[in-house]
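Undergrad: Got a sequence here, can you build the structure:
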Amino acid sequence: QVQLVESGGGLVQAGGSLRLSCAASGRTLSNYNMGWFRQAPGKEREFVAALSWSGSSTAYADSVKGRFTISRDNAKNTVYLQMNSLKPEDTAVYYCAAGGLFTLGESAYNYWGQGTQVTVSS
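TA: Numbering: from 1, shown residues only. From the prediction side, this is the model:
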């Protein structure tokens, strides 16, 4: 079992930055592909970014490409999502997930955190 806990969310003005963290316990994250997803009010959860277990491959949703960066620190058993140039439409609950496949599809991720709220004001 892997337990994931997100942190780093908050309220920020448009154009600002936040760094989300996803700390794991139970097992080492270096064995898992990692993903970040988000869910805005009244909308379905959507893919944001993914990082392969080796760190050699990344994927981003078109809406965040060039603004968000996913990374991992295996020594800290933590995955990050650096979010720059934030827009009001980035407002959502952000979830990290761990799974056995490097994929954009959330069904392939076995473990999920509880989410952290990100609110971007205009």
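Undergrad: Next up, the contacts around the residue of the chain most remote from its centre.
TA: Here the chain reaches farthest from its C-alpha mean at Ser122, the gap being 22.4 Å by CA atoms, centre = their mean. Residues near Ser122 by CB atoms under 8 Å, 6 or more residues apart in numbering: 14, 88. Using the backbone N, CA and C atoms, a C-beta is placed for each residue, glycine as well.
Undergrad: before we move on, what about Gln13?
TA: Applying CB under 8 Å, 6+ apart to Gln13 gives the contacts 120-121.
Undergrad: That one and Tyr111, how far apart?
TA: Taking CB to CB, to the nearest Å as the measure, Gln13 falls 33 Å from Tyr111.
Undergrad: Next one, pLDDT for the residue most central in space within the chain please.
TA: When CA atoms, centre = their mean is applied to the chain, the residue found nearest the centroid is Trp36 (2.6 Å). pLDDT recorded at Trp36 is 98.
Undergrad: which ones are touching it?
TA: Counting by CB under 8 Å, 6+ apart, Trp36 has contacts 20, 22, 48-50, 68, 70, 79, 81, 94-97.
Undergrad: buried sites along whichever helix or strand it is part of?
TA: Following DSSP states H and E, one finds Trp36 within strand 33-39. Neighbour counts using 16 or more other CB atoms under 10 Å place 33-38 of strand 33-39 among the buried residues.
Undergrad: Check what pLDDT Ser56 gets.
TA: Taking Ser56 on its own, its pLDDT is 91.
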